[in-house]
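Peer 1: the following comprises the amino acid sequence and a computationally predicted model.
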Amino acid sequence: MNHSFHIPVLGLAYSVDTPIKVAKYGISSVISIVDDELLERLRAYYSESVGLAYQEIKEQEEDARARRITAYLNLVQRLVNEQIDELHQADFSENRTIQQYFDLLPDLHPLKQQYALWESMPSGHNKDILKEKIREMILPGSIDVNIMSKVDKINHGKDGEALSEIYSDASAAVRGFANSGLQSSLILSAGMNPRLYAYIAELPAFLPDSQGSFEKKITLKVSDYRSALIQAKYLAKRGIWISEYRIESGLNCGGHAFATDGFLLGPILEEFKANKQALMDDVFPLYKLALEDIGLEIEQVPAVRLTVQGGVGTTQEHQFLLDYYDMDAVGWGSPFLLVPEATTVDEETLQNLAQADANDFYISNASPLGVPFNNFRKSTAEKARLQRIAQGRPGFPCTKKYLISDSTFSDEPQCTASRAYQVNKINALKAENLNPEDYQKAYDRIVEKQCLCEGLATPAYLKYQILKPRERSAVAICPGPNTAYFNKVYSLKEMVDHIYGRINVLQGVKRPSMFINELELYVKHLSNYIQENLPDIDHKKKKYIHKFQQQLVDGINYYRSLQDRVNQVFGESKAAFLEQLTNYENQLKPLIV
């Protein structure tokens, strides 16, 4: 990698074409391949924009989902390759893109130093030789893809019969990536799916070649070491190697929030740092044996990368994660939502984000998956949801069905954000004859669900003016709470310079460190859990609460000891950091009493 940061997946649409925008600068990013309709429509849009022939892959065609994904990824790769070819031929003195390529690099990067040397040299043979050497070092950022492993609906044919499991949503998406020309990573997130993992093991694209290299790698997004080890062993026994463990804060991130049992990011990173070699030592023998069973031999342990993301906001935090925890790269997600050169955000949402304050970002129960979800009060989707409730028509028409899961009122699963489900659920609630207060609480929980399948895709349709008649224009967005501190629209150069400490876009902004912000989110999460469960608290819930609280206390003590061992103060004074630890520790005590 030419950069020490990457741009993680951002919803369905927000990073769907980010590689086309930033890979030419050596910046790696991640495309969601959950929504094949979105990818197909963007393939049509970009094909027309650059004058390429386009032949539609219709939804009813054989293996359409996988083929659509393959076709879009191949188009993205083609466009990026053409951009890099242009840079390889470009005049260093005249071409603005190649100058930006070098300008964005970290100051101590060898390529940037070589370019500076070239600029200082007098014209002549040696300068020409150095230029050709530099050209060879210009590489694109990686074009990685992401799926949520458990978003894996079984699909049906025209006759209504269930199709083979290889045509399930997740399996088809993986096949689409495997059949593409990309040499990059599939990022698996949101938990373990044994059926999907078994299918991945059947695809040769994920096996090593004779030199032990991979055409396509697997990255596992995890929020704790134990989960990483369990899934790595499970996959290794099936001949699949994890090339990267992408460690993400459970709550201090965008999208769905998967709260750990009170484990904070710092202690989790410390555990990965201490056990990286042990992890490989545990997993490699299982992997080697599995490959031998299919006639492949491997002697050298494949490389493993550790990366981290979730709430990073300053160059001090970025560098601390790289240096102290030995991370290979750091993910910067939500701040890039405010960088139009990097992400795809419609204009109204972009301005709403830039003008928002901390109260506009909150963890909600809006996701039909039943997992806490980072929400934005000023989103047009949230406004549309409230408007439908006020009109007496809560819920949304369900067209894409990616998140269907509940079979309470139908033989076929329904989405809990759908109009059909919510009507039935509200009628059932009325039959319970609850008192007004309890009824309202239950009613609010039902209608809080948001249509994410359409809402998270719509910004691309608005941005590129390809919204179809009668399609909803409401935009859902799931920024992390860290977004509150970034209060304007930024250029790509501004954001990258901020990451590397060349400028500070948060000058004058009062912002606690990422570790303190995460701790606050966990204390709030525990408090909300206790309040919600007080009416029917039992031994199991009490045990969970005490475990959660103890992990938070252990995490606070870890951060105190960390401050004794390092000089880094995460952009704030050491006294302020320790004072905030004590403050949240004191907030925990009455929760348990």
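Peer 2: Arrived safely, thanks for sending. Residues are numbered from 1 along each chain as shown.
Peer 1: not counting its neighbours along the chain, what's nearest residue 271?
Peer 2: Residue nearest to residue 271 in three dimensions, not counting chain neighbours: residue 225, with 4.4 Å by Cβ to Cβ, 6 or more residues apart in numbering. Yep, even glycine has a C-beta here, placed from its N, CA and C like the rest.
Peer 1: what do you get for residue 167?
Peer 2: Leaving out its chain neighbours, the residue that sits closest to residue 167 by Cβ to Cβ, 6+ apart is residue 155, at 5.3 Å.
Peer 1: what segments of the stretch 251-400 of the chain are strands?
Peer 2: For the stretch 251-400 of the chain, the strands defined by DSSP state E, counting those that start in this stretch occupy 305-309, 329-331, 361-364, 373-376.
Peer 1: what's the separation between residue 338 and residue 486?
Peer 2: Distance, residue 338 to residue 486, using Cβ to Cβ, to the nearest Å: 5 Å.
Peer 1: now this protein, which segments are flagged as low pLDDT?
Peer 2: Along the chain, segments meeting pLDDT under 70 span 567-569, 571, 592-593.
Peer 1: domain parsing for it?
Peer 2: Following automatic domain parsing, the chain resolves into domains at 5-119+137-332, 512-593.
Peer 1: want to throw those domains into JSON lines with distance to residue 433 and mean neighbour count?
Peer 2: Listed next are the domains of the chain as JSON lines, based on distance: least, Cβ to Cβ, whole Å; neighbours: other Cβ atoms under 10 Å:
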{"stretch": "domain 5-119+137-332", "distance to residue 433": "34", "mean neighbour count": "19"}
{"stretch": "domain 512-593", "distance to residue 433": "18", "mean neighbour count": "16"}
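Peer 1: which other residues reach stretch 199-212?
Peer 2: For stretch 199-212, the surrounding residues in contact (Cβ atoms under 8 Å, 6 or more residues apart in numbering) are 165-166, 171, 174-175, 178-179, 186, 214-218, 235, 238-241, 291, 296, 298, 300, 302.
Peer 1: in helices, which of the residues you listed appear?
Peer 2: 171, 174-175, 178, 235, 291 (DSSP state H).
Peer 1: closest to residue 262 among the residues you listed?
Peer 2: Of all the ones in helices among the contacts of stretch 199-212, residue 262 sits closest to residue 235, with 27.0 Å by Cβ to Cβ.
Peer 1: if I look at the closest one, how far off is residue 149?
Peer 2: As judged by Cβ to Cβ, residue 235 and residue 149 stand 11 Å apart.
Peer 1: ok, residue 168 next?
Peer 2: Residue 168 is 11 Å from residue 149, by Cβ to Cβ.
Peer 1: list residues touching both of these two?
Peer 2: Residues touching both residue 168 and residue 149 (Cβ under 8 Å, 6+ apart): residue 196.
Peer 1: shouldn't residue 250 be in contact with residue 221?
Peer 2: No. Using Cβ atoms under 8 Å, residue 250 makes no contact with residue 221, being 11.4 Å away.
Peer 1: residue 2 is in what secondary structure piece?
Peer 2: Using DSSP states H and E, residue 2 is not contained in any helix or strand.
Peer 1: number of nearby residues for it?
Peer 2: Residues near residue 2, counting by other Cβ atoms under 10 Å, number 20.
Peer 1: give me the nearest residue to it, chain neighbours excluded.
Peer 2: Nearest to residue 2 is residue 26, by Cβ to Cβ, 6+ apart, at 3.6 Å.
Peer 1: still on that earlier bit, distance to residue 356 added to the domains of the chain, as a markdown table?
Peer 2: As requested, the domains of the chain are exported to a markdown table (distance: least, Cβ to Cβ, whole Å):
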| stretch | distance to residue 356 |
| --- | --- |
| domain 5-119+137-332 | 14 |
| domain 512-593 | 16 |
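Peer 1: among the ones you listed, which comes closest to residue 424?
Peer 2: Closest to residue 424 of these, according to Cβ to Cβ: domain 5-119+137-332, at 20.2 Å.
Peer 1: quick one: end-to-end length of the closest one, please.
Peer 2: 7 Å (Cα to Cα, to the nearest Å).
Peer 1: which ones are touching residue 65?
Peer 2: Neighbour list for residue 65: 36, 155, 167, 169, 172-173, 176 [criterion: Cβ under 8 Å, 6+ apart].
Peer 1: distance-wise, check residue 62 relative to residue 561.
Peer 2: Using Cβ to Cβ, residue 62 is found at 59 Å from residue 561.
Peer 1: with residue 389 instead?
Peer 2: Residue 389 is 49 Å from residue 561, by Cβ to Cβ.
Peer 1: is it true that residue 463 touches residue 343?
Peer 2: No. Contact criterion Cβ under 8 Å: residue 463 and residue 343 do not qualify, at 9.7 Å.
Peer 1: do I have it right that the residue nearest to residue 271 meets residue 269?
Peer 2: No. When contacts are counted by Cβ under 8 Å, residue 225 is not listed as touching residue 269 (9.4 Å).
Peer 1: now the helices for the stretch 51-200 of the chain?
Peer 2: Along the stretch 51-200 of the chain, the stretches classed as helices by DSSP state H, counting those that start in this stretch are 64-89, 96-104, 110-120, 125-136, 169-178, 194-200.
Peer 1: so who does the residue nearest to residue 167 touch?
Peer 2: Residue 155 sits next to 65, 162-163, 167-169, 172 when contact means Cβ under 8 Å, 6+ apart.
Peer 1: how near is it to residue 170?
Peer 2: 11 Å.
Peer 1: and what of residue 12?
Peer 2: According to Cβ to Cβ, residue 12 and residue 170 sit 15 Å apart.
Peer 1: one more: residue 515?
Peer 2: Residue 515 is 34 Å from residue 170, where distance means Cβ to Cβ.
Peer 1: before we move on, what about residue 215?
Peer 2: Per Cβ to Cβ, residue 215 is found 20 Å from residue 170.
Peer 1: next one: residue 34
Peer 2: Applying Cβ to Cβ to residue 34 and residue 170 gives a distance of 9 Å.
Peer 1: identify the contacts common to the two.
Peer 2: 147-148, 151.
Peer 1: okay, and which of those residues map to strands?
Peer 2: If you go by DSSP state E, those have 147-148 in strands.
Peer 1: and stretch 315-332, how far apart are its ends?
Peer 2: Taking Cα to Cα as the criterion, the two ends of stretch 315-332 lie 11 Å apart.
Peer 1: same question, stretch 119-130
Peer 2: Taking Cα to Cα, the first and last residues of stretch 119-130 lie 10 Å apart.
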